[in-house]
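J.: Sequence and predicted structure, then a few things I'm wondering about:
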Amino acid sequence: MTSTAQAPASGARSAQPEHLGHVIFIAAAAAMGGFLFGYDSSVINGAVEAIRDRYDIGSAALAQVIAVALIGCAIGAATAGRIADRIGRIRVMQIAAALFVVSAVGSALPFSLWDFALWRVVGGFAIGMASVIGPAYIAEVAPPAYRGRLGSFQQAAIVIGIAISQLVNWGLLNAADGDQRGKLMGVEAWQVMLGVMVVPAALYGLLSFAIPESPRFLLSVGKRDRAKEILAEVEGTGTDLDARVAEIEHAMKSEHRSSFKDLLGGGFFFKPIVWVGIGLSVFQQFVGINVAFYYSSTLWQSVGVDPADSFFYSFTTSIINIVGTVIAMIFVDRVGRRPLAIIGSVGMAVGLALEAWAFSYDLVDGRLPSAQGWTALVAAHVFVLFFALSWGVVVWVMLGEMFPNRIRAAALGVAAAAQWIANWAITASFPSLADWNLSVTYVIYTVFAALSIPFVLKFVKETKGKSLEEMG
């Protein structure tokens, strides 16, 4: 009998699954939640101006309707882990898929502004659940030798979801002759944009029935035989299954469940390392990245770009986001986290400063002068590229690595909460700030991008090549 004091070596790190394609399918199916995360987060970009016009609301009210989904995101993210520990990872995926479907239908066919906002919250709850359960499930099912590569599926799926949503919006707008409120299939074009999400949401739900439950959850509820079957399926028959089960059970028993109280201390309420995590999260959002995904079509139309072109530029920005994410995935383990973050901060500051300069010019016949218009367009793409190849990926990597084991879970929760709050602050404030002074708004984002450089240099330590145990 194996002692639980020290788990035996199982051979899992060197095991090669016989059916790697099936393992990739499992990870890709789970990452569909990430695709919906990206799709639902950014599809609203195509409906902003139509909602403003249909319900005759000002910028402040519009901002709250757009940002209210983030309340659901925070609640979903905060509760998904505990729900998954009670009913399983697969059931949480199925609940999230059902909520995505309900949100898509409700948002596409609202009776009034208040119930539209309600469906946005429901969709946000699904986003929050998907943002937590996808990476957790993939980490628990993936063979150790492939965990890093399979884990990157989630981030890749998010940026692809953003791009596809913008492509769909652009196609539907063209089908409606460039009018967001033009008729398509008996309703307005923006309603179809939101309703189309039913298709990937239903696919996510169907795929959840085709993948196995996490072995870790099965062991937690006493289903050892089924856990062994799945381990053999994903890690290969060369793995010592009894030893592998003992290894997982040993890790589960020795885990310290960190609490909020563990984060306190250091003279400023939280421990210093927790403040560093909060700072990374806040800087990631305060550079204004979500303006590019929630409001980009509105932004371009405000400086004279016609609606069809503005939707196309939103799509090209999303493609740049994918390119930058791939670059980050290639270099994050080669170059290191801090160098990438600093490179990204410099590039973002330059891009944002150029946008601020371009937007400072008065419109001529409802449009920016040609030189300033092209500068703003190129600079926006430069900003998104440098964000994607640095802070978009690096922050999540560092938050998963930088905290000591004894506080990791709780500290990551606080940092993630700070990110949702900062996201809400930027999303809710942009329309009013843009109405006040668009150029100064981008100056503010530029300042935060610039300030992130000394923050990283002074407070952020490199985690490349270090084990989690080395974090303390």
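T.: Alright, I've got the coordinates.
J.: Is residue 34 in contact with residue 136, as I believe?
T.: No - assessed by Cβ atoms under 8 Å, residue 34 is found out of contact with residue 136, at 12.0 Å. C-beta here means a position set from N, CA and C on the backbone, and glycine is covered the same way.
J.: More neighbours: the two, which one.
T.: residue 34 (26 against 20; other Cβ atoms under 10 Å).
J.: Apart from its neighbours in sequence, what residue is nearest the more buried one?
T.: residue 157 (3.5 Å; Cβ to Cβ, 6 or more residues apart in numbering).
J.: Then residue 351?
T.: In space, residue 351 is closest to residue 383, 3.3 Å off (Cβ to Cβ, 6+ apart).
J.: next one: residue 234
T.: Counting by Cβ to Cβ, 6+ apart, residue 234 lies nearest to residue 23, which is 5.2 Å off, once chain neighbours are set aside.
J.: thinking again about what came up before, rounded mean pLDDT for the helix or strand hosting the residue nearest to residue 34, please.
T.: Per DSSP states H and E, residue 157 falls inside helix 147-175. For helix 147-175, mean pLDDT is 85.
J.: in that helix, what's buried?
T.: Judged by neighbour count (16 or more other Cβ atoms under 10 Å), helix 147-175 contains these buried residues: 147, 150-170, 172-173.
J.: now swap in stretch 265-275 and tell me
T.: So stretch 265-275, judged by 16+ other Cβ under 10 Å, has buried residues 270, 271, 273, 274, 275.
J.: quick one: the residue nearest to residue 34 and residue 32 touch, right?
T.: Yes - between residue 157 and residue 32 there is a contact under Cβ under 8 Å: 6.8 Å.
J.: Which helix runs longest in the protein?
T.: Longest helix of the chain, by residue count under DSSP state H: helix 408-459.
J.: Isn't residue 325 up against residue 388?
T.: Yes - Residue 325 lies in contact with residue 388 (Cβ under 8 Å); the separation is 4.9 Å.
J.: who touches both of these two?
T.: Common neighbours of residue 325 and residue 388 are listed as residue 159 (criterion: Cβ atoms under 8 Å, 6 or more residues apart in numbering).
J.: Now do the same contact list for residue 91.
T.: Shown in contact with residue 91 (Cβ under 8 Å, 6+ apart): residue 84.
J.: how does it look with 10 Å?
T.: 83, 84, 133, 208, 213, 217 (Cβ atoms under 10 Å, 6 or more residues apart in numbering).
J.: What of residue 106?
T.: 115, 116, 118, 119, 120, 122, 123, 194, 195.
J.: What is the helix or strand containing residue 319 packed up against?
T.: Secondary structure assignment for residue 319, by DSSP H and E: helix 307-331. Helices and strands touching helix 307-331, by 3 or more Cβ pairs under 10 Å, 6 or more residues apart in numbering; DSSP states H and E, are helix 20-43, helix 48-55, helix 147-175, helix 289-294, helix 296-302, helix 337-359, helix 370-388, helix 391-401.
J.: In a markdown table, list those along with distance to residue 251.
T.: Formatted as a markdown table, those follow (distance: least, Cβ to Cβ, whole Å):
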| stretch | distance to residue 251 |
| --- | --- |
| helix 20-43 | 21 |
| helix 48-55 | 46 |
| helix 147-175 | 14 |
| helix 289-294 | 35 |
| helix 296-302 | 44 |
| helix 337-359 | 25 |
| helix 370-388 | 34 |
| helix 391-401 | 17 |
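J.: Which one of the ones you listed lies nearest to residue 444?
T.: Nearest to residue 444 among the helices and strands packed on helix 307-331 is helix 337-359; the distance by Cβ to Cβ comes to 8.8 Å.
J.: Going by neighbour count, list what's buried in that closest one.
T.: With burial defined by 16+ other Cβ under 10 Å, the residues of helix 337-359 counted as buried are 337-359.
J.: likewise stretch 303-311?
T.: Within stretch 303-311, the residues that count as buried by 16+ other Cβ under 10 Å are 303, 304, 305, 307, 308, 309, 310, 311.
J.: pull the helix or strand with minimum mean pLDDT from this protein.
T.: strand 264-268 (a mean of 70; mean pLDDT, DSSP states H and E).
J.: Beyond it, next helix or strand please.
T.: Using DSSP H and E, the helix or strand that follows strand 264-268 towards the C-terminus is strand 270.
J.: ok, residues contacting that next one?
T.: With contacts defined as Cβ under 10 Å, 6+ apart, strand 270 is touched by 260, 263, 264, 276, 277, 278, 407, 411, 414.
J.: Perfect, that will be all.
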